[in-house]
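Peer 1: sequence and predicted structure below; questions after.
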Amino acid sequence: MIRRDFGSQWAVAACAAYFSTVLNISFWRFVLSRLDFSKAGTAVFAMSMPIVLFLVFYAAFSLLVWPCVAKPLMAVLLVISSAACYFMFKLNVIIDSEMIRNVFEARPHEVFEMVTVGGVLWVAFLGVVPATAFFFIRIRYRAIHRELLGRIVYVAGSLFLLIVLAFVFFKDYAAAGRNNKMAGKFLNPFNYITSTLSYLRKQARRDLPFVVIDETPEHVPYEDPCLTVVVLVIGETARAMNFSLNGYGRETNPKLSGQDIVNFPRVMASGTATAFSLPCMFSPLGRKDFDIDLSYRSENLLDIVQKAGYDVVWLDNQGSSKGVADRVTTVDLMNEGNNKFRNGDTFFDEVLLDGLEGRIANLKKDTVIVLHMMGSHGPSYYRRYPNEFRVFTPTCDTAEIQNYPREEIVNAYDNTILYTDHVVSGVIDILKRFPQHEAGMIFISDHGESLGENGLYLHGIPYSIAPIEQIHVPMVLWMSETMRREDYVDYEGLKNGAGEMELSHDHFFHSILGLVEIDTELYDPALDLFGKFRSKDLPNGRGVKR
Ligand SMILES: [Zn+2]
(Lines give C-alpha, C1' and ligand atoms only; values in the text may rest on other atoms or scores of the structure.)
Protein backbone atom coordinates (compact mmCIF):
# COMPACT_ATOMS: atom_id res chain seq x y z
CA MET A 1 0.00 0.00 0.00
CA ILE A 2 1.42 3.38 -1.02
CA ARG A 3 1.59 5.79 1.81
CA ARG A 4 -0.87 8.59 1.21
CA ASP A 5 -0.14 11.12 3.90
CA PHE A 6 2.97 13.25 4.22
CA GLY A 7 4.17 15.85 6.67
CA SER A 8 4.15 19.27 4.98
CA GLN A 9 7.95 19.53 4.96
CA TRP A 10 8.15 16.21 3.07
CA ALA A 11 5.63 17.45 0.51
CA VAL A 12 7.76 20.57 0.02
CA ALA A 13 10.90 18.44 -0.28
CA ALA A 14 9.28 16.12 -2.83
CA CYS A 15 8.25 19.06 -5.02
CA ALA A 16 11.72 20.60 -4.70
CA ALA A 17 13.37 17.33 -5.65
CA TYR A 18 11.12 16.83 -8.69
CA PHE A 19 11.62 20.38 -9.96
CA SER A 20 15.36 20.49 -9.35
CA THR A 21 15.90 17.26 -11.30
CA VAL A 22 13.29 16.04 -13.81
CA LEU A 23 11.77 19.35 -14.83
CA ASN A 24 15.19 20.93 -15.17
CA ILE A 25 16.87 18.42 -17.46
CA SER A 26 17.48 21.18 -20.02
CA PHE A 27 19.19 23.28 -17.38
CA TRP A 28 21.45 20.37 -16.43
CA ARG A 29 22.17 19.54 -20.04
CA PHE A 30 23.21 23.15 -20.65
CA VAL A 31 25.26 23.60 -17.49
CA LEU A 32 27.06 20.24 -17.48
CA SER A 33 28.04 20.58 -21.13
CA ARG A 34 29.83 23.82 -20.31
CA LEU A 35 31.87 22.70 -17.34
CA ASP A 36 35.50 21.85 -17.89
CA PHE A 37 35.89 18.55 -16.01
CA SER A 38 39.59 18.31 -16.86
CA LYS A 39 40.18 21.08 -14.31
CA ALA A 40 40.69 20.11 -10.69
CA GLY A 41 37.79 20.97 -8.43
CA THR A 42 35.17 21.05 -11.18
CA ALA A 43 33.64 17.72 -10.11
CA VAL A 44 33.22 18.89 -6.51
CA PHE A 45 31.72 22.17 -7.73
CA ALA A 46 29.37 20.26 -10.05
CA MET A 47 28.23 18.09 -7.16
CA SER A 48 27.31 21.16 -5.13
CA MET A 49 24.98 22.43 -7.86
CA PRO A 50 22.04 20.01 -7.43
CA ILE A 51 22.18 20.71 -3.70
CA VAL A 52 22.05 24.44 -4.34
CA LEU A 53 19.16 24.07 -6.75
CA PHE A 54 17.26 21.80 -4.35
CA LEU A 55 17.71 24.30 -1.51
CA VAL A 56 16.49 27.17 -3.68
CA PHE A 57 13.37 25.21 -4.60
CA TYR A 58 12.88 24.07 -1.02
CA ALA A 59 12.92 27.66 0.25
CA ALA A 60 10.64 28.85 -2.57
CA PHE A 61 8.10 26.06 -2.20
CA SER A 62 8.03 26.50 1.58
CA LEU A 63 6.35 29.81 0.85
CA LEU A 64 3.78 28.23 -1.50
CA VAL A 65 2.75 24.93 0.09
CA TRP A 66 -0.08 25.88 2.43
CA PRO A 67 -3.55 24.41 2.99
CA CYS A 68 -6.04 25.12 0.14
CA VAL A 69 -3.50 26.83 -2.16
CA ALA A 70 -0.80 24.16 -2.38
CA LYS A 71 -2.61 21.67 -4.60
CA PRO A 72 -4.09 23.94 -7.29
CA LEU A 73 -0.89 26.02 -7.39
CA MET A 74 1.40 23.00 -7.74
CA ALA A 75 -0.92 21.46 -10.34
CA VAL A 76 -0.70 24.57 -12.51
CA LEU A 77 3.08 24.86 -11.99
CA LEU A 78 3.65 21.18 -12.79
CA VAL A 79 1.65 21.23 -16.00
CA ILE A 80 3.07 24.50 -17.37
CA SER A 81 6.60 23.58 -16.29
CA SER A 82 6.38 20.18 -17.97
CA ALA A 83 5.31 21.89 -21.19
CA ALA A 84 8.17 24.40 -20.86
CA CYS A 85 10.48 21.46 -20.19
CA TYR A 86 9.29 19.75 -23.39
CA PHE A 87 9.90 22.79 -25.59
CA MET A 88 13.31 23.43 -24.07
CA PHE A 89 14.50 19.85 -24.12
CA LYS A 90 13.04 18.60 -27.38
CA LEU A 91 12.98 21.79 -29.43
CA ASN A 92 15.82 23.75 -27.85
CA VAL A 93 13.53 26.70 -27.32
CA ILE A 94 14.99 29.51 -25.22
CA ILE A 95 12.45 31.10 -22.93
CA ASP A 96 12.84 34.85 -22.59
CA SER A 97 10.48 37.82 -22.64
CA GLU A 98 10.45 37.86 -26.46
CA MET A 99 9.46 34.18 -26.52
CA ILE A 100 6.70 34.93 -24.03
CA ARG A 101 5.58 37.75 -26.29
CA ASN A 102 5.31 35.21 -29.12
CA VAL A 103 3.17 33.01 -26.90
CA PHE A 104 0.85 35.84 -25.86
CA GLU A 105 0.53 37.20 -29.37
CA ALA A 106 0.23 33.83 -31.13
CA ARG A 107 -2.79 33.22 -33.35
CA PRO A 108 -4.94 30.16 -32.45
CA HIS A 109 -3.73 28.15 -35.47
CA GLU A 110 -0.13 28.77 -34.48
CA VAL A 111 -0.83 27.38 -31.03
CA PHE A 112 -2.54 24.25 -32.41
CA GLU A 113 0.37 23.60 -34.74
CA MET A 114 2.63 23.37 -31.71
CA VAL A 115 0.55 20.57 -30.16
CA THR A 116 2.01 17.20 -31.09
CA VAL A 117 1.47 13.63 -29.85
CA GLY A 118 4.95 13.61 -28.36
CA GLY A 119 4.30 16.87 -26.58
CA VAL A 120 0.96 15.74 -25.19
CA LEU A 121 2.46 12.50 -23.88
CA TRP A 122 5.38 14.39 -22.36
CA VAL A 123 3.10 16.81 -20.52
CA ALA A 124 0.80 13.95 -19.48
CA PHE A 125 3.59 11.90 -17.90
CA LEU A 126 5.76 14.66 -16.48
CA GLY A 127 3.04 17.17 -15.63
CA VAL A 128 -0.45 15.75 -15.33
CA VAL A 129 0.48 12.45 -13.61
CA PRO A 130 2.54 14.07 -10.83
CA ALA A 131 -0.07 16.83 -10.47
CA THR A 132 -2.78 14.19 -10.03
CA ALA A 133 -0.66 12.24 -7.57
CA PHE A 134 -0.04 15.43 -5.62
CA PHE A 135 -3.77 16.05 -5.59
CA PHE A 136 -4.52 12.68 -4.01
CA ILE A 137 -1.93 12.66 -1.26
CA ARG A 138 -2.89 14.04 2.10
CA ILE A 139 -0.57 16.75 3.43
CA ARG A 140 -0.40 16.86 7.20
CA TYR A 141 -0.07 20.39 8.49
CA ARG A 142 0.62 21.11 12.13
CA ALA A 143 -1.15 23.72 14.20
CA ILE A 144 -0.58 27.09 12.54
CA HIS A 145 1.96 28.48 15.02
CA ARG A 146 4.00 25.25 14.99
CA GLU A 147 3.75 25.01 11.21
CA LEU A 148 4.94 28.59 10.84
CA LEU A 149 7.80 28.08 13.26
CA GLY A 150 8.78 24.86 11.49
CA ARG A 151 8.80 26.59 8.08
CA ILE A 152 10.90 29.44 9.40
CA VAL A 153 13.43 27.00 10.81
CA TYR A 154 13.61 24.95 7.58
CA VAL A 155 13.79 28.00 5.31
CA ALA A 156 16.43 29.63 7.50
CA GLY A 157 18.35 26.36 7.49
CA SER A 158 18.16 26.18 3.66
CA LEU A 159 19.29 29.77 3.31
CA PHE A 160 22.12 29.22 5.75
CA LEU A 161 23.32 26.19 3.79
CA LEU A 162 23.02 28.21 0.56
CA ILE A 163 25.17 30.97 2.02
CA VAL A 164 27.77 28.46 3.17
CA LEU A 165 27.88 26.86 -0.30
CA ALA A 166 27.96 30.25 -2.00
CA PHE A 167 30.85 31.22 0.23
CA VAL A 168 32.82 28.02 -0.35
CA PHE A 169 32.28 28.01 -4.13
CA PHE A 170 32.00 31.79 -4.58
CA LYS A 171 34.59 32.02 -7.36
CA ASP A 172 33.14 29.10 -9.28
CA TYR A 173 29.55 30.32 -9.13
CA ALA A 174 30.53 33.88 -10.00
CA ALA A 175 32.54 32.65 -12.98
CA ALA A 176 29.93 30.14 -14.13
CA GLY A 177 27.23 32.79 -13.87
CA ARG A 178 29.30 35.33 -15.74
CA ASN A 179 30.38 33.06 -18.55
CA ASN A 180 27.00 31.35 -18.90
CA LYS A 181 24.50 34.18 -18.62
CA MET A 182 22.20 31.96 -20.67
CA ALA A 183 21.94 29.36 -17.89
CA GLY A 184 19.20 31.31 -16.13
CA LYS A 185 17.06 31.07 -19.26
CA PHE A 186 16.93 27.29 -18.77
CA LEU A 187 15.94 27.38 -15.12
CA ASN A 188 12.40 26.03 -15.03
CA PRO A 189 10.00 27.58 -13.84
CA PHE A 190 11.91 30.77 -12.94
CA ASN A 191 12.62 31.41 -16.62
CA TYR A 192 9.02 31.66 -17.76
CA ILE A 193 7.82 33.39 -14.59
CA THR A 194 10.42 36.18 -14.76
CA SER A 195 10.08 36.42 -18.56
CA THR A 196 6.31 36.79 -18.26
CA LEU A 197 6.69 39.50 -15.64
CA SER A 198 9.27 41.26 -17.79
CA TYR A 199 6.99 41.00 -20.84
CA LEU A 200 4.02 42.39 -18.90
CA ARG A 201 6.17 45.20 -17.55
CA LYS A 202 7.32 46.08 -21.05
CA GLN A 203 3.72 46.07 -22.24
CA ALA A 204 2.62 48.36 -19.42
CA ARG A 205 5.50 50.68 -20.19
CA ARG A 206 4.71 50.75 -23.88
CA ASP A 207 1.17 51.90 -23.22
CA LEU A 208 2.14 54.82 -21.00
CA PRO A 209 2.33 58.26 -22.59
CA PHE A 210 5.64 59.72 -23.76
CA VAL A 211 7.04 62.37 -21.43
CA VAL A 212 8.09 65.73 -22.85
CA ILE A 213 10.47 67.36 -20.37
CA ASP A 214 10.53 70.78 -22.03
CA GLU A 215 8.26 71.98 -24.84
CA THR A 216 10.43 74.88 -25.99
CA PRO A 217 14.10 74.78 -25.05
CA GLU A 218 15.88 77.67 -26.75
CA HIS A 219 19.41 78.14 -27.99
CA VAL A 220 20.47 81.53 -26.59
CA PRO A 221 24.17 81.90 -27.46
CA TYR A 222 26.67 84.56 -26.60
CA GLU A 223 27.01 86.89 -29.58
CA ASP A 224 29.56 85.13 -31.72
CA PRO A 225 29.62 83.96 -35.31
CA CYS A 226 31.45 80.68 -34.70
CA LEU A 227 30.07 77.23 -35.29
CA THR A 228 29.84 75.11 -32.13
CA VAL A 229 30.95 71.46 -32.14
CA VAL A 230 30.76 69.54 -28.89
CA VAL A 231 31.96 65.94 -28.86
CA LEU A 232 30.80 63.83 -25.91
CA VAL A 233 32.92 60.70 -25.58
CA ILE A 234 31.15 58.15 -23.40
CA GLY A 235 33.70 55.71 -22.05
CA GLU A 236 32.99 52.13 -21.07
CA THR A 237 34.20 50.49 -17.86
CA ALA A 238 37.13 52.92 -17.47
CA ARG A 239 37.97 53.42 -13.82
CA ALA A 240 39.59 56.58 -12.57
CA MET A 241 42.30 54.96 -10.47
CA ASN A 242 44.00 53.36 -13.49
CA PHE A 243 44.48 56.72 -15.22
CA SER A 244 47.98 58.08 -14.73
CA LEU A 245 46.30 61.51 -14.94
CA ASN A 246 44.83 60.57 -11.56
CA GLY A 247 48.13 59.45 -10.10
CA TYR A 248 48.27 55.80 -11.22
CA GLY A 249 51.82 54.46 -11.04
CA ARG A 250 51.88 53.31 -14.65
CA GLU A 251 51.93 55.58 -17.68
CA THR A 252 48.46 54.83 -19.05
CA ASN A 253 47.77 58.36 -20.35
CA PRO A 254 50.86 59.27 -22.39
CA LYS A 255 48.83 61.05 -25.06
CA LEU A 256 46.19 62.87 -23.03
CA SER A 257 48.83 64.14 -20.63
CA GLY A 258 50.46 65.87 -23.62
CA GLN A 259 47.19 67.67 -24.51
CA ASP A 260 46.00 70.95 -23.02
CA ILE A 261 43.21 69.30 -21.06
CA VAL A 262 41.38 69.70 -17.77
CA ASN A 263 41.37 66.47 -15.77
CA PHE A 264 38.68 65.98 -13.15
CA PRO A 265 40.01 63.46 -10.63
CA ARG A 266 36.94 63.24 -8.37
CA VAL A 267 33.94 62.12 -10.39
CA MET A 268 31.41 59.51 -9.24
CA ALA A 269 29.25 57.47 -11.61
CA SER A 270 25.51 57.30 -11.02
CA GLY A 271 25.39 53.53 -11.34
CA THR A 272 27.58 50.46 -11.61
CA ALA A 273 26.21 49.19 -14.92
CA THR A 274 25.67 50.70 -18.37
CA ALA A 275 21.92 50.02 -18.38
CA PHE A 276 21.48 52.41 -15.48
CA SER A 277 24.29 54.93 -15.62
CA LEU A 278 24.19 55.68 -19.34
CA PRO A 279 20.53 56.83 -19.53
CA CYS A 280 20.90 58.41 -16.09
CA MET A 281 23.70 60.68 -17.30
CA PHE A 282 21.46 62.08 -20.02
CA SER A 283 18.43 62.41 -17.75
CA PRO A 284 17.56 65.57 -15.81
CA LEU A 285 16.47 63.45 -12.85
CA GLY A 286 19.83 62.66 -11.30
CA ARG A 287 20.86 59.41 -9.64
CA LYS A 288 18.46 59.46 -6.70
CA ASP A 289 15.27 60.07 -8.71
CA PHE A 290 16.22 58.18 -11.84
CA ASP A 291 13.85 55.54 -13.21
CA ILE A 292 15.01 53.27 -16.05
CA ASP A 293 11.52 52.45 -17.32
CA LEU A 294 10.58 56.12 -17.40
CA SER A 295 13.78 57.00 -19.25
CA TYR A 296 12.75 54.81 -22.18
CA ARG A 297 9.63 56.87 -22.75
CA SER A 298 10.97 60.27 -21.83
CA GLU A 299 13.00 62.99 -23.48
CA ASN A 300 16.60 63.44 -22.37
CA LEU A 301 19.50 65.84 -22.86
CA LEU A 302 19.89 64.95 -26.54
CA ASP A 303 16.21 65.67 -27.29
CA ILE A 304 16.53 69.07 -25.64
CA VAL A 305 19.70 69.89 -27.57
CA GLN A 306 18.12 68.77 -30.84
CA LYS A 307 14.88 70.67 -30.19
CA ALA A 308 16.90 73.83 -29.49
CA GLY A 309 18.24 73.64 -33.04
CA TYR A 310 21.41 71.59 -32.87
CA ASP A 311 22.22 68.64 -35.06
CA VAL A 312 22.76 65.63 -32.82
CA VAL A 313 24.57 62.50 -33.97
CA TRP A 314 25.20 59.36 -31.91
CA LEU A 315 27.99 57.11 -33.17
CA ASP A 316 27.85 53.77 -31.42
CA ASN A 317 30.57 51.15 -31.10
CA GLN A 318 28.80 49.19 -28.39
CA GLY A 319 25.54 48.14 -29.96
CA SER A 320 23.08 50.15 -27.89
CA SER A 321 22.48 53.62 -26.54
CA LYS A 322 20.04 52.17 -23.96
CA GLY A 323 17.29 54.31 -25.45
CA VAL A 324 19.19 57.59 -25.10
CA ALA A 325 19.61 58.12 -28.84
CA ASP A 326 16.20 56.79 -29.89
CA ARG A 327 15.14 60.08 -31.47
CA VAL A 328 18.42 61.41 -32.87
CA THR A 329 20.54 60.35 -35.85
CA THR A 330 22.34 57.16 -34.89
CA VAL A 331 25.12 55.33 -36.67
CA ASP A 332 25.58 51.75 -35.51
CA LEU A 333 29.26 51.20 -36.19
CA MET A 334 29.07 47.57 -35.13
CA ASN A 335 27.11 47.09 -38.35
CA GLU A 336 28.36 49.89 -40.54
CA GLY A 337 31.90 50.45 -39.28
CA ASN A 338 35.02 50.46 -41.45
CA ASN A 339 36.27 46.87 -41.59
CA LYS A 340 39.80 48.17 -41.17
CA PHE A 341 39.01 48.35 -37.44
CA ARG A 342 37.23 45.03 -37.20
CA ASN A 343 38.34 42.59 -34.52
CA GLY A 344 36.27 39.43 -34.89
CA ASP A 345 32.66 40.28 -34.10
CA THR A 346 33.51 43.70 -32.61
CA PHE A 347 35.43 46.80 -33.62
CA PHE A 348 38.34 48.64 -32.05
CA ASP A 349 37.32 52.09 -30.81
CA GLU A 350 39.34 53.90 -33.48
CA VAL A 351 36.36 53.12 -35.72
CA LEU A 352 34.74 56.09 -33.92
CA LEU A 353 37.42 58.44 -35.33
CA ASP A 354 37.01 57.09 -38.85
CA GLY A 355 35.39 59.83 -40.91
CA LEU A 356 35.01 62.15 -37.93
CA GLU A 357 37.13 64.90 -39.49
CA GLY A 358 35.10 64.84 -42.69
CA ARG A 359 31.89 64.92 -40.70
CA ILE A 360 33.03 68.05 -38.83
CA ALA A 361 34.37 69.70 -41.99
CA ASN A 362 30.91 69.37 -43.54
CA LEU A 363 28.90 70.72 -40.62
CA LYS A 364 26.24 73.23 -41.58
CA LYS A 365 25.10 74.15 -38.09
CA ASP A 366 25.92 73.77 -34.40
CA THR A 367 26.33 70.10 -33.60
CA VAL A 368 26.69 67.70 -30.72
CA ILE A 369 28.37 64.40 -31.58
CA VAL A 370 28.30 61.51 -29.10
CA LEU A 371 30.89 58.76 -29.41
CA HIS A 372 29.87 55.65 -27.49
CA MET A 373 32.96 53.56 -26.91
CA MET A 374 33.52 49.85 -26.40
CA GLY A 375 36.28 51.00 -24.02
CA SER A 376 37.41 48.46 -21.44
CA HIS A 377 34.38 46.16 -21.66
CA GLY A 378 35.21 42.93 -19.83
CA PRO A 379 35.88 40.20 -19.18
CA SER A 380 37.75 39.91 -22.51
CA TYR A 381 39.95 42.96 -21.94
CA TYR A 382 42.55 41.49 -24.29
CA ARG A 383 40.13 41.89 -27.21
CA ARG A 384 39.69 45.63 -26.70
CA TYR A 385 42.99 46.90 -28.14
CA PRO A 386 45.14 46.35 -31.23
CA ASN A 387 48.41 44.53 -30.77
CA GLU A 388 50.57 47.67 -30.66
CA PHE A 389 48.80 48.65 -27.43
CA ARG A 390 49.75 45.38 -25.76
CA VAL A 391 52.33 47.28 -23.73
CA PHE A 392 51.82 45.89 -20.23
CA THR A 393 52.57 42.15 -20.27
CA PRO A 394 51.99 39.29 -19.66
CA THR A 395 48.25 39.68 -20.27
CA CYS A 396 45.36 37.43 -19.43
CA ASP A 397 44.13 36.49 -22.90
CA THR A 398 40.88 34.78 -21.97
CA ALA A 399 37.39 35.56 -20.71
CA GLU A 400 37.87 33.24 -17.71
CA ILE A 401 39.82 35.93 -15.92
CA GLN A 402 39.27 34.64 -12.39
CA ASN A 403 41.58 31.68 -13.09
CA TYR A 404 44.52 33.93 -13.94
CA PRO A 405 46.95 35.88 -11.78
CA ARG A 406 45.59 39.29 -10.90
CA GLU A 407 48.65 40.92 -12.40
CA GLU A 408 47.79 39.57 -15.86
CA ILE A 409 44.20 40.81 -15.58
CA VAL A 410 45.41 44.27 -14.59
CA ASN A 411 47.95 44.28 -17.43
CA ALA A 412 45.25 43.54 -20.00
CA TYR A 413 42.95 46.13 -18.40
CA ASP A 414 45.69 48.78 -18.37
CA ASN A 415 46.26 48.17 -22.07
CA THR A 416 42.59 48.99 -22.67
CA ILE A 417 43.09 52.28 -20.79
CA LEU A 418 46.20 53.00 -22.85
CA TYR A 419 44.14 52.48 -25.99
CA THR A 420 41.29 54.63 -24.68
CA ASP A 421 43.91 57.35 -24.03
CA HIS A 422 44.95 57.08 -27.67
CA VAL A 423 41.38 57.28 -28.98
CA VAL A 424 40.29 60.19 -26.79
CA SER A 425 43.45 62.10 -27.59
CA GLY A 426 42.73 61.36 -31.25
CA VAL A 427 39.37 63.13 -30.93
CA ILE A 428 41.18 66.21 -29.60
CA ASP A 429 43.70 66.06 -32.47
CA ILE A 430 40.85 66.08 -34.96
CA LEU A 431 39.08 69.00 -33.24
CA LYS A 432 42.33 70.98 -33.23
CA ARG A 433 42.17 71.06 -37.01
CA PHE A 434 39.14 73.37 -36.72
CA PRO A 435 40.50 76.37 -34.80
CA GLN A 436 37.74 78.53 -36.28
CA HIS A 437 35.06 76.48 -34.47
CA GLU A 438 33.94 76.66 -30.89
CA ALA A 439 35.06 73.09 -30.36
CA GLY A 440 34.95 71.12 -27.11
CA MET A 441 35.28 67.53 -25.97
CA ILE A 442 34.29 65.81 -22.76
CA PHE A 443 35.29 62.25 -22.04
CA ILE A 444 33.52 60.51 -19.17
CA SER A 445 33.13 56.83 -18.29
CA ASP A 446 29.82 55.15 -17.50
CA HIS A 447 31.12 53.21 -14.46
CA GLY A 448 34.29 51.59 -13.17
CA GLU A 449 35.40 47.98 -12.76
CA SER A 450 36.59 45.54 -10.13
CA LEU A 451 39.74 43.69 -11.11
CA GLY A 452 39.80 41.07 -8.37
CA GLU A 453 39.85 43.44 -5.39
CA ASN A 454 38.13 41.58 -2.52
CA GLY A 455 37.45 38.70 -4.89
CA LEU A 456 35.20 40.89 -7.05
CA TYR A 457 35.36 41.08 -10.82
CA LEU A 458 33.63 43.20 -13.44
CA HIS A 459 30.87 45.55 -12.20
CA GLY A 460 27.16 45.80 -11.45
CA ILE A 461 27.24 45.56 -7.65
CA PRO A 462 24.23 47.39 -6.12
CA TYR A 463 25.17 51.06 -5.79
CA SER A 464 24.70 51.25 -2.03
CA ILE A 465 27.39 48.63 -1.44
CA ALA A 466 29.50 49.22 -4.55
CA PRO A 467 33.28 49.35 -4.06
CA ILE A 468 34.98 52.58 -5.09
CA GLU A 469 36.63 50.82 -8.06
CA GLN A 470 33.22 50.44 -9.70
CA ILE A 471 31.94 54.01 -9.27
CA HIS A 472 34.97 56.33 -9.37
CA VAL A 473 35.26 57.31 -13.03
CA PRO A 474 37.62 59.41 -15.14
CA MET A 475 36.54 62.67 -16.78
CA VAL A 476 38.56 64.85 -19.11
CA LEU A 477 37.70 68.14 -20.82
CA TRP A 478 39.27 69.90 -23.77
CA MET A 479 38.23 73.22 -25.29
CA SER A 480 39.51 75.05 -28.34
CA GLU A 481 40.93 78.54 -27.83
CA THR A 482 37.89 79.85 -29.65
CA MET A 483 35.47 78.15 -27.31
CA ARG A 484 37.33 79.33 -24.20
CA ARG A 485 37.22 82.90 -25.48
CA GLU A 486 33.74 83.03 -26.94
CA ASP A 487 32.17 81.22 -23.98
CA TYR A 488 34.03 83.33 -21.40
CA VAL A 489 35.47 80.26 -19.71
CA ASP A 490 38.46 80.76 -17.40
CA TYR A 491 40.24 77.64 -18.63
CA GLU A 492 43.33 78.06 -16.45
CA GLY A 493 41.11 78.64 -13.41
CA LEU A 494 39.20 75.48 -14.28
CA LYS A 495 42.45 73.52 -14.56
CA ASN A 496 43.58 74.73 -11.17
CA GLY A 497 40.21 74.17 -9.53
CA ALA A 498 39.37 70.78 -11.06
CA GLY A 499 41.33 68.84 -8.45
CA GLU A 500 39.08 70.10 -5.68
CA MET A 501 35.75 69.69 -7.44
CA GLU A 502 33.54 66.89 -6.15
CA LEU A 503 31.54 65.91 -9.22
CA SER A 504 29.20 63.14 -10.31
CA HIS A 505 27.24 62.05 -13.37
CA ASP A 506 24.52 64.37 -12.06
CA HIS A 507 26.65 67.33 -13.19
CA PHE A 508 26.79 66.07 -16.77
CA PHE A 509 23.27 67.06 -17.88
CA HIS A 510 23.49 70.63 -16.56
CA SER A 511 27.11 71.30 -17.52
CA ILE A 512 26.43 70.30 -21.12
CA LEU A 513 23.29 72.49 -21.21
CA GLY A 514 25.43 75.42 -20.06
CA LEU A 515 28.16 74.59 -22.54
CA VAL A 516 25.77 74.55 -25.51
CA GLU A 517 24.00 77.67 -24.19
CA ILE A 518 20.50 76.29 -24.07
CA ASP A 519 17.81 78.12 -22.15
CA THR A 520 15.51 75.68 -20.37
CA GLU A 521 13.76 75.43 -17.02
CA LEU A 522 15.52 72.09 -16.55
CA TYR A 523 18.91 73.74 -16.12
CA ASP A 524 20.26 73.81 -12.57
CA PRO A 525 23.21 76.23 -12.32
CA ALA A 526 24.32 74.57 -9.08
CA LEU A 527 25.16 71.44 -11.09
CA ASP A 528 26.95 73.27 -13.93
CA LEU A 529 30.65 72.67 -13.33
CA PHE A 530 31.54 75.63 -15.55
CA GLY A 531 29.41 78.01 -13.47
CA LYS A 532 31.93 79.83 -11.39
CA PHE A 533 34.56 79.72 -14.13
CA ARG A 534 32.51 81.90 -16.51
CA SER A 535 33.61 85.48 -16.47
CA LYS A 536 30.29 86.54 -17.99
CA ASP A 537 26.85 85.19 -17.17
CA LEU A 538 25.14 82.99 -19.72
CA PRO A 539 23.21 85.21 -22.18
CA ASN A 540 19.88 83.94 -20.86
CA GLY A 541 20.90 85.14 -17.41
CA ARG A 542 20.72 81.65 -15.96
CA GLY A 543 24.42 80.85 -15.81
CA VAL A 544 24.87 82.60 -12.50
CA LYS A 545 28.43 83.51 -11.71
CA ARG A 546 29.12 82.47 -8.13
ZN1 LIG B 1 29.18 50.02 -19.01
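Peer 2: Nice, thanks for sending it over.

Peer 1: list the contacts for the residue in the stretch 101-250 of the chain positioned nearest to the ion?
Peer 2: Residue nearest to the ion within the stretch 101-250 of the chain (Cβ to the ion): Glu236, separated by 4.9 Å. Yep, even glycine has a C-beta here, placed from its N, CA and C like the rest. By Cβ atoms under 8 Å, 6 or more residues apart in numbering, the contact list for Glu236 reads 274, 318, 372-377, 445-446.

Peer 1: for it, which non-adjacent residue is closest in space?
Peer 2: Gly375 (3.0 Å; Cβ to Cβ, 6 or more residues apart in numbering).

Peer 1: same check, this time on Lys432
Peer 2: Nearest non-adjacent residue to Lys432 (Cβ to Cβ, 6+ apart): Ser480, at 7.3 Å.

Peer 1: got it, and Ala60?
Peer 2: Ala16 (8.0 Å).

Peer 1: residues in contact with the strand or helix carrying the one you found?
Peer 2: Element membership of Ala16 [criterion: DSSP states H and E] is helix 8-20. Contact partners of helix 8-20, identified using Cβ under 8 Å, 6+ apart, comprise 6, 50, 53-58, 60-62, 65, 70, 74, 81, 130, 134, 137, 139-142, 147, 150-151, 154, 188-189.

Peer 1: name only those of those residues that count as buried.
Peer 2: Buried members of the contacts of helix 8-20, scored by 16 or more other Cβ atoms under 10 Å, are 6, 53-58, 60-62, 65, 70, 74, 81, 130, 134, 137, 139, 147, 150-151, 154, 188-189.

Peer 1: could you check the pLDDT of Tyr382?
Peer 2: pLDDT recorded at Tyr382 is 94.

Peer 1: correct me, but it touches Asp397?
Peer 2: Yes. With contact defined as Cβ atoms under 8 Å, Tyr382 reaches Asp397; the gap is 4.4 Å.

Peer 1: look at the two and report which has more neighbours.
Peer 2: More neighbours surround Tyr382 than the other of Tyr382 and Asp397, with 21 against 14 (other Cβ atoms under 10 Å).

Peer 1: dump the residue contacts of that one.
Peer 2: 390, 395-398, 412, 415.

Peer 1: find the closest residue to the ion in the stretch 301-450 of the chain.
Peer 2: When distances are taken as Cβ to the ion, the stretch 301-450 of the chain reaches nearest to the ion at Asp446, 4.2 Å away.

Peer 1: gap between the closest residue to that residue other than its chain neighbours and the ion?
Peer 2: Of all residues not flanking Asp446 in the chain, Ser277 sits nearest, at 4.7 Å (Cβ to Cβ, 6+ apart). Separation of Ser277 from the ion (Cβ to the ion, to the nearest Å): 7 Å.

Peer 1: okay, now Ser277: neighbour count?
Peer 2: 24.

Peer 1: just the pLDDT at it, thanks.
Peer 2: 95.

Peer 1: let me see the domain layout of the protein.
Peer 2: 5-207, 218-533 (automatic domain parsing).

Peer 1: endpoints of the first one, how far apart?
Peer 2: Start and end residues of domain 5-207 are separated by 49 Å (Cα to Cα, to the nearest Å).

Peer 1: state the pLDDT value of the residue in the chain positioned nearest to the ion.
Peer 2: The chain approaches the ion most closely through Thr274 (3.1 Å), counting by Cβ to the ion. Per-residue pLDDT puts Thr274 at 90.

Peer 1: touching, it and Asp446? I think so.
Peer 2: Yes. Between Thr274 and Asp446 a contact is recorded at 5.2 Å, counting by Cβ under 8 Å.

Peer 1: which one's more surrounded, these two?
Peer 2: Between Thr274 and Asp446, Asp446 has the larger neighbour count (other Cβ under 10 Å), namely 29 against 21.

Peer 1: contact partners for that one?
Peer 2: Asp446 neighbours (Cβ under 8 Å, 6+ apart): 234-237, 269, 271, 274, 277-278, 281, 473.

Peer 1: please apply the same query to Phe27.
Peer 2: Counted by Cβ under 8 Å, 6+ apart, Phe27 has contacts 53, 183, 186-188.

Peer 1: check Gly514 too.
Peer 2: 523, 525, 528, 530-531, 534, 538, 543.

Peer 1: most neighbours, which of those residues?
Peer 2: Compared across these, Leu538 has the highest neighbour count, 26 neighbours, by other Cβ under 10 Å.

Peer 1: helix, strand, or coil at that residue?
Peer 2: Secondary structure, DSSP: H, G, I helix; E, B strand; the rest coil: Leu538 is coil.

Peer 1: surely it meets Glu517?
Peer 2: Yes. Counting by Cβ under 8 Å, Leu538 does reach Glu517; the two are 6.3 Å apart.

Peer 1: find residues that contact each of the two.
Peer 2: 220, 222.

Peer 1: which SSE is immediately downstream of the helix or strand of the chain with the lowest mean pLDDT?
Peer 2: Using mean pLDDT, DSSP states H and E, helix 108-114 stands out as the lowest-scoring helix or strand of the chain, at a mean of 71. Later in the chain than helix 108-114, the nearest helix or strand by DSSP H and E is helix 117-123.

Peer 1: low-scoring stretches of the chain, by residue?
Peer 2: Where the chain drops to pLDDT under 70, the residues are 1-3, 109-110, 541-546.

Peer 1: kindly report the residues of it close to the ion.
Peer 2: Within the chain, the positions adjacent to the ion are 236, 274, 446 by Cβ under 5 Å from the ion.

Peer 1: 6 Å instead?
Peer 2: Within the chain, the positions adjacent to the ion are 236-237, 274, 446-447 by Cβ under 6 Å from the ion.
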